[in-house]
Structure formats: structure tokens, C-alpha cells
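Trainee: Pasting the sequence and the predicted model now:
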Amino acid sequence: MKTTKENNPMLFTSNCVTAVNHAQQEISSVRQHLAEAMIGKTVDLLSGRAVAHGVVSGVMLLAGNPKLLVNGRAYDLNQVLTASPA
């Protein structure tokens, strides 16, 4: 009997988990590259109810998530409102 996802749900589940983990790693890699590409860019960032403005001076990883360093503070990529060449 040939093993297929229909007669072996554990195999199907294992393949799904592997695919999800791979996708998460790919997304993390893309976010890291995007953050690094923003170094030197002038950005407007949402910070609470205010908008912060500055130049991205670097990138740091916190719990595996890239953070943009602007004016000595760390910001998440989802806080970026605009980005332009410095």
C-alpha cells in the first residue's frame, strides 16, 4: 500500500508544519533584507500618537525581528509611514 496524505494524516500534518516553518523563515529573511536596505533612508515613523522623523542609522535584531534604529530608538518595520533617500 502506498503512503499518501489520505491514508496517513500524520505525514500530511508533518509536511504542512514543515512548509509553514519554511515560509516563516523566508518572511523573516525578507524583513531582515528590507530593514538593511533602509539604512541611510529618511523615514517618518508612527510612534504612539506622534510621528517621529529621522534617518535610519542601523538595524538590530530583537527576538529575531529586525528593528530600525532612528535617533537612538528602535522601531519596528510596521511603524514606517514613509521612506525616502536621505
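Mentor: Right, received. Where do you want to start?

Trainee: Counting neighbours, what do you get for His22?
Mentor: 10 (other CB atoms under 10 Å). Glycine gets a C-beta too; all of them are placed from N, C-alpha and C.

Trainee: And Ser28, which helix or strand is it part of?
Mentor: helix 9-37 (DSSP states H and E).

Trainee: so what's the most centrally placed residue in the chain closest to, chain neighbours aside?
Mentor: Using CA atoms, centre = their mean, the residue of the chain that lies closest to the mean C-alpha position is Arg31, 3.3 Å off. Nearest non-adjacent residue to Arg31, counting by CB to CB, 6 or more residues apart in numbering: Pro66, 5.5 Å away.

Trainee: Which is the succeeding secondary structure element to the worst-scoring helix or strand of the chain on mean pLDDT?
Mentor: Using mean pLDDT, DSSP states H and E, helix 9-37 stands out as the lowest-scoring helix or strand of the chain, at a mean of 80. Downstream of helix 9-37, the first helix or strand assigned by DSSP H and E is strand 41-47.

Trainee: Now do that next one, average pLDDT.
Mentor: Average pLDDT, strand 41-47: 97.

Trainee: partners of it, with directions?
Mentor: strand 50-62 (antiparallel), strand 80-85 (antiparallel) (DSSP bridges).

Trainee: Skip ahead from the first one and say which helix or strand is next.
Mentor: Pointing back at strand 50-62 there. strand 65-70.
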